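> Give me the fold of what follows.
(2 chains)
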Amino acid sequence: MKVYITGQGTLTSLGNSVEESWKGLSEGRTGVRAYPEWKQYNGLHSHLGAPVGAYDISRIPRQTRRTMSRMSEMASLATFQALAQADLAPGAGLNTARTCLIMGSTSGSPDTLETYFRKLFEKGGPEGQFSTSFFKVMNHSVAANVAAALEFNGALLAPSSACASSAQAMILGWELIRSGMYDTVIAGGADELHYMTAAIFDIVQAASRKYNDTPDLSPRPFDKARDGLVVSEGAAVVVMESEKAMQARGGRPIAEFLGGAYLCDSTHMSQSSAETMNAVMKLALERAGRRLDDVDYVNAHATGTVHGDIEESRAIGATFGKKVPVSSLKGHFGHTLAACGTLEVISSIKMMETGTLIPTRNLGEIAPECSEIQHVTLANARPARLRTVLSNNFAFGGMNTSLVIGGLGKSS
Amino acid sequence: MNDQMSLSNEIQTKVNDLFIKGFEIPSEKLTPTASLYEDLGLDSLDAVDMLVHLEETFKIKVDGERLMEVRTLQNVYDLVAEVARNAGSETVAQHAPALTANV
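All right, here's what the predicted structure looks like:
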């Protein structure tokens, strides 16, 4: 059974739609900016972030909006975009018995968590807490709030696996559609920018700190002078449908979701190994029914961390050698965390549609340890016919994912 | 007497401001007889949050169970006035003006 992507939506630091974000990517822009105000936080060394610009949330009624933090707001808007492109209406437009909504975030709203606990400690107890706070901090806040915004009453799942959340959502969606249990899955993820998120990576020395005064130059995936990731925010959502359901309603395919896999790496909580990354890529291809030499492009997770980029390049090198072009989009968007899996699929689809390879931003001098793959750089970027794309995402907790997307009519 | 009227007007203004800014209720709907639930569209979650806003705005402490008595906007004005009176009306007069931004 074939599964197609029929709708896409996103809000990123490069723009509040798929087209705006793609325009930013095509022009080689970055959403990263300096956050000198973060200098006030003792022990935080990374003062960089990539915020999403202003957006209009007024179409969502106040009583639905009141339980939303930024991540739920952005996810709701991205979902509306995806449904509009798929020509599916929220509410009664969705067959709730055959539709599943799968959406995740790294955690509940860090901004609300901070406010909540500041007040809790200040008051010595829960006195004065707003009733709506919990609905912003619960782990399934994004999924529940998007469902409320859509007036959706079907199956709702909320995979929370940090930077692999939306990749897992899509792969799970593919599995559920293939199982015959559902016809349609709305899948994605979202996260909001907060200094605490930067701190999580900063504490383990995985956040960029040398470029606080030159935000344009970081992150630098695979580059010799990389020094860590830059936290970001955003939302990305896709509509996935079985071929039969799509055809029955006269839907239009954008790309084929060929398959994917998730394998955990139990060897280390924060450092996935090249071996398990290699395994997940091979399993994803196997499940997608594709061979190694079918792959025309690999979208790397590569966030710009010293260790992660080395392991991923070793894994990709061991899998594909130097035969397949590879790039990372973290230099443009920063690390959108739970949104990145779906955002990178959406971006890869645009590359397939336009025959364009987006080079890794800030990749000037390739790090020797990352040199065993064919990098797409500004210097060597060229048009390419992309029929099959493999996209990786790896997250803390050993959450390794890889998925395979096919261009229309050219992938089989 | 004038002081009492002034305090009453101040409470009304600040409560209305809370409903406009905190709950996005159009000002023309804010009549004293308006039902919080039927006319203004609040629900149980909003009622709890209204109490938190009132406590922060007027620097008062209201027993949550008293929400059961509150049905109309006038009930809200009266509740604030009563609690403030029992706690000493100076509390309201001193703190309320500076705290509306919290709503």
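> quick one: which helix or strand includes residue A:102?
Using DSSP states H and E, residue A:102 sits within strand A:99-104.
> when you scan the next helix or strand after that strand, is anything in it near chain B?
Next helix or strand after strand A:99-104 toward the C-terminus (DSSP H and E): helix A:110-123. No. Helix A:110-123 is not in contact with chain B by Cβ under 8 Å from any Cβ of the partner chain; minimum separation 9.9 Å. From N, CA and C alone the C-beta is placed, and that goes for glycine too.
> and helix A:110-123, which residues are buried?
By neighbour count on 16 or more other Cβ atoms under 10 Å in any protein chain shown, the buried set for helix A:110-123 is A:110-113, A:115-116, A:119.
> which among those gets closest to chain B?
Using Cβ to the nearest Cβ, residue A:119 comes nearest to chain B of the buried residues of helix A:110-123, at 9.9 Å.
> quick one: that closest one and residue A:128 touch, right?
Yes. Residue A:119 lies in contact with residue A:128 (Cβ atoms under 8 Å); the separation is 6.1 Å.
> who does the strand holding residue A:102 pair up with?
On the basis of DSSP bridges, the sheet neighbours of strand A:99-104 come out as strand A:155-157 (parallel), strand A:184-191 (parallel).
> Now do the last one against helix A:110-123, angle only.
Which is strand A:184-191. Strand A:184-191 and helix A:110-123 are oriented at 50 degrees to each other (axes from the mean of the first three to the mean of the last three Cα atoms, to 10 degrees).
> The following helix or strand past strand A:184-191: which residues count as buried?
The first helix or strand that comes after strand A:184-191 along the chain, using DSSP H and E, is helix A:195-203. For helix A:195-203, a neighbour-count test (16+ other Cβ under 10 Å) marks A:195, A:197-202 as buried.
> Stretch A:351-364 too?
For stretch A:351-364, burial by neighbour count (16+ other Cβ under 10 Å) applies to A:351-352, A:356-363.
> For the residues you listed, work out which two are farthest apart.
Maximum pairwise distance in the buried residues of stretch A:351-364, criterion Cβ to Cβ, is 23.8 Å, between A:352 and A:362.
> out of the buried residues of stretch A:351-364, which are inside strands?
Within those, no residue falls in strands by DSSP state E.
> Can you tell me which of those end up in helices?
A:351-352 (DSSP state H).
> how about the residues of the stretch 1-150 of chain A near chain B?
Checking the stretch 1-150 of chain A against chain B by Cβ under 8 Å from any Cβ, the hits are A:62-63, A:66, A:128-132.
> sec struct for residue A:263, please.
strand (DSSP: H, G, I helix; E, B strand; the rest coil).
> For burial, what's the neighbour tally of it?
19 (other Cβ atoms under 10 Å in any protein chain shown).
> So what sits opposite it in the bridge?
Beta-bridge partners, per DSSP bridges, of residue A:263: residue A:400.
> so it makes contact with residue A:282?
No. Taking contacts as Cβ under 8 Å, residue A:263 lies outside contact range of residue A:282: 10.0 Å.
> any weak-confidence spans in chain B?
Where chain B drops to pLDDT under 70, the residues are B:1-5, B:88-103.
> residues from it in reach of chain A?
Residues of chain B lying near chain A (Cβ under 8 Å from any Cβ): B:23-24, B:41, B:43-46, B:48-49, B:52, B:55-56.
> ok, of the residues you listed, which come out buried?
The buried subset of the residues of chain B next to chain A (16+ other Cβ under 10 Å) comprises B:23, B:41, B:46, B:48-49, B:52, B:55-56.
> out of those, which are inside helices?
Per DSSP H, the subset of those in helices is B:23, B:46, B:48-49, B:52, B:55-56.
> Reformat the residues you listed as JSON lines; add distance to residue A:151.
Below are those laid out as JSON lines (distance: Cβ to Cβ, whole Å):
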{"residue": "B:23", "distance to residue A:151": "21"}
{"residue": "B:46", "distance to residue A:151": "19"}
{"residue": "B:48", "distance to residue A:151": "24"}
{"residue": "B:49", "distance to residue A:151": "23"}
{"residue": "B:52", "distance to residue A:151": "28"}
{"residue": "B:55", "distance to residue A:151": "33"}
{"residue": "B:56", "distance to residue A:151": "32"}
